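1. sequence plus predicted model, see below.
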Amino acid sequence: MADLALVILLVLIALVFDFINGFHDAANSIATVVSTRVLKPQHAVLWAAFFNFIAAFFFETKVASTIGKGVVDPGAITLAVVAAGLGGAIAWNLITWWLGLPSSSSHALIGGLAGAAVVHAGWGILQGAGILKITIFIVLSPLIGFLLGFLYTVAVHWGVQRKTPTKIDGLFRRLQLVSAGAYSLAHGLNDAQKTMGIIMLILVSTGHMTTAELSQHAPWWIILSCHGAIALGTMFGGWRIVKTMGIRLTKLAPIGGFAAETAGATTIIGASLLGIPVSTTHTITGAIVGVGATHRLTAVRWGVAGTIIWAWVLTIPLSGLIAATIYAVLSIAA
């Protein structure tokens with residue numbers, strides 16, 4: 001078995017990634033509720049962090065299983081591959097955070113792990129079926145978010161057409177607290193499990209867990225530590241991406257914020273129940289654009305949306321390239 005101290009160090013690095021995931025993706029959870037001025041930023045991050053954490057107690061860990069065995073062959077992984085993969089994901093998250101771009105932490109992790117694994121053992125180490133499923137949902141998750149955001153907005157506008165604007169605003173300011181909580185629950189559910197999968201992969205590669213155990217419910221110490229790390233990261237989340245998501249992309253009222261968050265939560269929870277690791281960033285962006293499009297297409301700042309899409313396209317290859325470089329350096333140093 002590998003040196004226990006090295007295993008502990010890598011688990012801690014995985015939790016650092018989880019923290020940065022929460023830090024980076026806090027904007028996804030709070031952008032709409034902040035931009036509609038339902039909550040102040042400092043209150044919004046606490047609200048989001050609470051729901052990030054309690055998601056640990058409501059769902060099975062199917063997404064963790066997919067990450068643990070559906071991206072690369074768990075039997076061919078080494079600690080160096082995992083370390084390089086995490087390094088690539090963390091580096092890309094910090095770069096995009098600094099630039100204020102809402103890229104996907106999930107896809108950065110998948111790209112980093114795949115990039116390091118390919119340098120280690122060639123293309124055959126990749127799990128084609130799992131990667132295909134993830135790739136399909138790179139496209140589907142924002143489209144589903146867009147469609148649901150559009151439909152939910154139309155539905156709620158139809159349902160309140162006889163109410164005065166003041167009553168509508170007051171009602172949806174209260175309801176948006178519920179939808180923001182639901183979205184943060186979904187965010188914690190899907191994203192925390194990705195780090196769980198990495199930690200279980202570390203344990204499998206060092207003989208502390210069997211490959212068969214990847215299909216089982218994750219141990220509670222892993223679940224609670226991952227949800228705790230992502231919730232803590234959300235509490236310290238970056239304001240840069242909040243501006244891009246909640247202010248620059250389109251202008252939202254509480255009724256639109258409610259529709260966007262509900263659409264995002266529906267999509268992410270549905271995917272999580274199927275064990276599919278989707279991008280919460282892609283999903284909520286699609287939902288926000290869907291809400292904006294119900295007014296008129298020009299209500300969406302398509303130039304900003306285009307920049308975001310370029311960040312999505314580049315996330316997997318560039319995080320993979322960074323991870324591959326890190327793995328090559330580690331191999332030379334060893």
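-> All right, it came through fine.
2. averaged pLDDT, the strand or helix carrying residue 114. What do you get?
-> Under the criterion of DSSP states H and E, residue 114 resides in helix 105-121. Averaging pLDDT along helix 105-121 gives 91.
3. mind listing the strands for the stretch 151-300 of the chain?
-> Ranges of strands within the stretch 151-300 of the chain: none, based on DSSP state E, counting those that start in this stretch.
4. quick one, helices of it?
-> 165-205, 220-235, 239-243, 254-273, 280-293 (DSSP state H, counting those that start in this stretch).
5. deepest of the ones you listed, which one?
-> Among the helices of the stretch 151-300 of the chain, helix 280-293 has the highest mean neighbour count (mean count of other C-beta atoms under 10 Å), at a mean of 29. Backbone N, C-alpha and C define where each C-beta goes, glycine included.
6. which stretches of the stretch 151-300 of the chain have low pLDDT?
-> Residue ranges of the stretch 151-300 of the chain with pLDDT under 70: 237-252, 296-300.
7. hmm, back to that, rebuild the helices of the stretch 151-300 of the chain as CSV, extending it with distance to residue 318.
-> Output for those, formatted as CSV (distance: least, C-beta to C-beta, whole Å):
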stretch, distance to residue 318
helix 165-205, 18
helix 220-235, 22
helix 239-243, 18
helix 254-273, 24
helix 280-293, 15
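8. now the end-to-end length of stretch 60-74.
-> Terminal residues of stretch 60-74 lie 21 Å apart, using C-alpha to C-alpha, to the nearest Å.
9. chain center to it, what's the gap?
-> 15 Å (C-alpha atoms, centre = their mean, to the nearest Å).
10. show me the contacts for the residue most central in space within the chain.
-> Geometric centre of the chain, nearest residue: residue 280, 4.2 Å, by C-alpha atoms, centre = their mean. Counting by C-beta atoms under 8 Å, 6 or more residues apart in numbering, residue 280 touches 25, 28, 104, 106, 186, 187, 190, 191, 264, 268.
11. about what we covered before: show me what the helix holding residue 114 packs onto, helices and strands only.
-> helix 4-35, helix 79-99, helix 128-159, helix 165-205, helix 280-293, helix 302-333 (3 or more C-beta pairs under 8 Å, 6 or more residues apart in numbering; DSSP states H and E).
12. any chance of TSV for those, columns distance to residue 273?
-> Converted to TSV, the helices and strands packed on helix 105-121 look like this (distance: least, C-beta to C-beta, whole Å):
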stretch	distance to residue 273
helix 4-35	19
helix 79-99	25
helix 128-159	13
helix 165-205	9
helix 280-293	14
helix 302-333	24
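13. which one of those helices lies closest to residue 68?
-> helix 165-205 (4.1 Å; C-beta to C-beta).
14. now for the closest one, which elements pack on it?
-> Short answer (3+ C-beta pairs under 8 Å, 6+ apart): helix 165-205 packs on helix 4-35, helix 41-54, helix 62-70, helix 79-99, helix 105-121, helix 220-235, helix 254-273, helix 280-293.
15. so which of those helices gets nearest residue 331?
-> helix 79-99 (7.0 Å).
16. now that closest one - C-alpha only, CSV.
-> Below are the C-alpha coordinates for helix 79-99, written out as CSV (Å, rounded to 0.1, in the frame of the first residue of the first chain):
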residue,chain,number,x,y,z
LEU,A,79,-1.4,8.8,-7.4
ALA,A,80,0.7,10.9,-9.8
VAL,A,81,-2.2,10.8,-12.3
VAL,A,82,-4.7,11.9,-9.7
ALA,A,83,-2.4,14.7,-8.4
ALA,A,84,-1.8,16.0,-11.9
GLY,A,85,-5.5,15.9,-12.7
LEU,A,86,-6.4,17.8,-9.6
GLY,A,87,-3.6,20.3,-10.4
GLY,A,88,-4.9,20.9,-13.9
ALA,A,89,-8.5,21.4,-12.7
ILE,A,90,-7.5,23.8,-9.9
ALA,A,91,-5.3,25.8,-12.2
TRP,A,92,-8.0,26.2,-14.8
ASN,A,93,-10.6,27.1,-12.1
LEU,A,94,-8.4,29.9,-10.8
ILE,A,95,-7.6,31.2,-14.3
THR,A,96,-11.3,31.5,-15.2
TRP,A,97,-12.2,32.9,-11.8
TRP,A,98,-9.6,35.6,-12.3
LEU,A,99,-11.0,36.4,-15.8
